[in-house]
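# Need the 3D shape of this:
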Amino acid sequence: MKSACIAAAFSLAALSAGAAGKDPIAFSHNDWELARDNTRTCRAAGYQAESGTSDPVSMLITRAAGAGTAIDIELQMGGESEVKGPLRFRVGKAAVPGLGGESAKLDADQIRHILPELLKNDDATVTGGGRKWTLSLAGLNAVLLKMDEAQGRVGTQGALVRRGSKPESSVLPPVAAPVVNVAKPPKARPGDDALAARIFPSLDLGDARERCSNRDDIDAKALTVLRLSERKVLLSLGCGLGAYNYSSLIWIANDKPPYAPVSIEANGDFDDKEASITSAMKGRGIGDCWSSETWHFDGKDFVRTGAAGDGMCRGFAGGAWSLPRYVSRVVSAPPANPSKP
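Sure, this is the predicted structure:
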């Protein structure tokens, strides 16, 4: 059963503002799911039938926005034993022999060969080494139609499903990924170890007392303080451990009175080398479906720089693919300049 944390994280990504918008789009139907990120790149992933007996198998179809862009197709096979090639992919009347081991990327000729068959069959198979994987195609047409809609391709000559006569020049253009200038934190200063006890009384812990599973253990000793800039520090308070997920509450504060701690949206582990916070939640114990978000410190605040996730738990430990909902271009800058309290 998928974690409520994943459902909550996906709610942000699932804000479908229409094909003309720039917001991420998430969509799923039967055994396929789609994610469009903020650059309008679309990724569709399909799997074996949830109720079937096939070992894990998945196909990823990726298409960037813009006129005349081709699609990329990758395959991934899993299971309890090692996957060895050569393998043969077959769908309808089309076949692609000589594939490698647990993953393969198809070339342009192979894609042109199999795409029409993918759209008109119920499943596809991968065989080799005495094994067989069955990829469900239930939901593929609906997901690829949604991909066409999300990129403004419906009715154009380059549409995958509902092709028409409109020129490709009419499709939506790609959107440039936002650039985030990241300020690397300076080294810890003498006296930083004493800041937890000094700042703790200034924290508003109402949310923590209500939400955190470790509410009885919340004190200054549970507070981690890390330097962000010459005058700012990050405060992290573990909020509880679930069966396989962890959460925390985070503030930014001044390193001298008035400390004025401010709670921030970012939630997770802080990487001082990257000046980033990453929150990762898995849907169940084996970790075959994940959601994650990343924020970077720009010298004043933490800015969201990435979000990804796959919503279908289909047996690939660690997840079959990362399906970005939000991407950015992170640029490193010198250590943050002193900021006013």
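
# give me the low-pLDDT residue ranges for the stretch 101-250 of the chain?
Applying pLDDT under 70 to the stretch 101-250 of the chain flags residues 214-216, 240-245.

# ok, which stretches of it are strands?
103-105, 123-128, 131-136, 179-183, 223-227, 232-241, 246-254 (DSSP state E, counting those that start in this stretch).

# nearest to residue 57, of those strands?
strand 131-136 (3.7 Å; CB to CB). (Glycine included, C-beta is placed from N, CA and C.)

# if we can go back for a sec, specify the stretch among the strands of the stretch 101-250 of the chain that is closest to residue 163.
With CB to CB as the criterion, residue 163 lies closest to strand 123-128 of those, at 21.6 Å.

# if we can go back for a sec, I'd like the strands of the stretch 101-250 of the chain laid out as CSV, including mean neighbour count and distance to residue 76.
Converted to CSV, the strands of the stretch 101-250 of the chain look like this (neighbours: other CB atoms under 10 Å; distance: least, CB to CB, whole Å):
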stretch, mean neighbour count, distance to residue 76
strand 103-105, 16, 5
strand 123-128, 20, 10
strand 131-136, 19, 10
strand 179-183, 16, 31
strand 223-227, 18, 37
strand 232-241, 20, 31
strand 246-254, 20, 28
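
# To residue 89, which of the ones you listed lies closest?
Across the strands of the stretch 101-250 of the chain, residue 89 has its closest neighbour in strand 123-128 (5.2 Å, CB to CB).

# Could you find the closest non-adjacent residue to residue 110?
The shortest distance from residue 110 to any non-neighbouring residue, by CB to CB, 6 or more residues apart in numbering, is to residue 96 (5.0 Å).

# Quick check: that neighbour touching residue 88?
Yes: Residue 96 is in contact with residue 88 according to CB atoms under 8 Å; the separation is 7.1 Å.

# and of the strands of the stretch 101-250 of the chain, who's closest to residue 206?
Nearest to residue 206, of all the strands of the stretch 101-250 of the chain, is strand 246-254, at 10.9 Å by CB to CB.

# name the helices or strands packed onto that closest one?
Counting contacts by 3 or more CB pairs under 8 Å, 6 or more residues apart in numbering; DSSP states H and E, strand 246-254 packs against strand 232-241, strand 262-263.

# With distance to residue 121 added, can I get those in JSON lines?
JSON lines is the format used below for these (distance: least, CB to CB, whole Å):
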{"stretch": "strand 232-241", "distance to residue 121": "45"}
{"stretch": "strand 262-263", "distance to residue 121": "52"}
